[in-house]
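Visitor: Okay, here's the prediction I keep looking at, along with the sequence it came from:
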Amino acid sequence: MSHFVSQLSRFGAVGAVGTGAHYALFLALIHTVDADPVAASAAGATLGACVNYVLNYRYTFRSARRHREALPRFFAVAAAGLLLNTTLMAILIDALGMHYLIAQIVTTLGVLLWNFLANRHWTFGKDAT
C-alpha cells in the first residue's frame, strides 16, 4: 500500500505541474483572445497531457516500457480524459450554468482520478501488455 501512496503522491505533484500548464493556457486563451471556455479548456488539457507524459514516465511510474508502447497508451488515456473533461465542462457550464472556473475545478478532480488509475494499471504498469 505504501508504494501506491507514494505513486499517488508523485502523481499529484506531477499533476500539479501539468494542471498549472493547463490552467495557464486555459486562462490566457479566455482573457487574451476571448476564447470559448470549453475550447480553451480542451487546449489547456492537451498541453497538460504533454507535460504529464514526460514527468509521469520518468518520475511517477519510473516506467521501463518503451516509448513506442507507453506513449500511444498514455495518449489514449489522455484522449479519454480530454473527452471526459470536455463533456463535464459542457454539462457544468451549458446545462447547469456553473461559472467556468468552478466547473474546471470540479472537472479536474474527476479527470485526475481517471488518469491516475488508467495510467497506473494500463499505460505504465509492468504487468500490463
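Guide: Received it, and whenever you're ready, just let me know what you need.
Visitor: how about low-confidence regions in the protein?
Guide: 1, 127-129 (pLDDT under 70).
Visitor: Provide a list of residues in contact with the residue most central in space within the chain.
Guide: The geometric centre of the chain, computed from its C-alpha atoms, lies nearest to A49 (Cα atoms, centre = their mean), at 5.4 Å. With contacts taken as Cβ atoms under 8 Å, 6 or more residues apart in numbering, A49 has the following neighbours: 18, 74-75, 78, 81-82. Every residue, glycine included, has its C-beta placed from N, CA and C.
Visitor: If we go by neighbour counts, what in the helix or strand hosting it is buried?
Guide: In the assignment (DSSP states H and E), A49 maps to helix 37-55. For helix 37-55, the buried set under the neighbour-count rule, 16 or more other Cβ atoms under 10 Å, comprises 37-38, 40-42, 44-49, 51-53, 55.
Visitor: Surely I30 is in contact with V38?
Guide: No - under the criterion of Cβ atoms under 8 Å, I30 is not in contact with V38, lying 10.5 Å apart.
Visitor: quick check: longest helix of this protein.
Guide: Ranked by number of residues, the top helix in the chain under DSSP state H is helix 2-33.
Visitor: what packs against it?
Guide: helix 37-55, helix 100-118 (3 or more Cβ pairs under 8 Å, 6 or more residues apart in numbering; DSSP states H and E).
Visitor: will you turn the ones you listed into TSV that also has distance to F11?
Guide: Below are the helices and strands packed on helix 2-33 laid out as TSV (distance: least, Cβ to Cβ, whole Å):
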stretch	distance to F11
helix 37-55	9
helix 100-118	5
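Visitor: okay, the angle between the helix or strand A79 falls within and helix 2-33?
Guide: Secondary structure assignment for A79, by DSSP H and E: helix 67-90. Computed by axes from the mean of the first three to the mean of the last three Cα atoms, to 10 degrees, the angle separating helix 67-90 from helix 2-33 equals 60 degrees.
Visitor: Which positions within helix 67-90 qualify as buried?
Guide: Applying a neighbour-count criterion of 16+ other Cβ under 10 Å, the buried positions in helix 67-90 are 70, 73-75, 77-78, 81-82, 84-86, 88-90.
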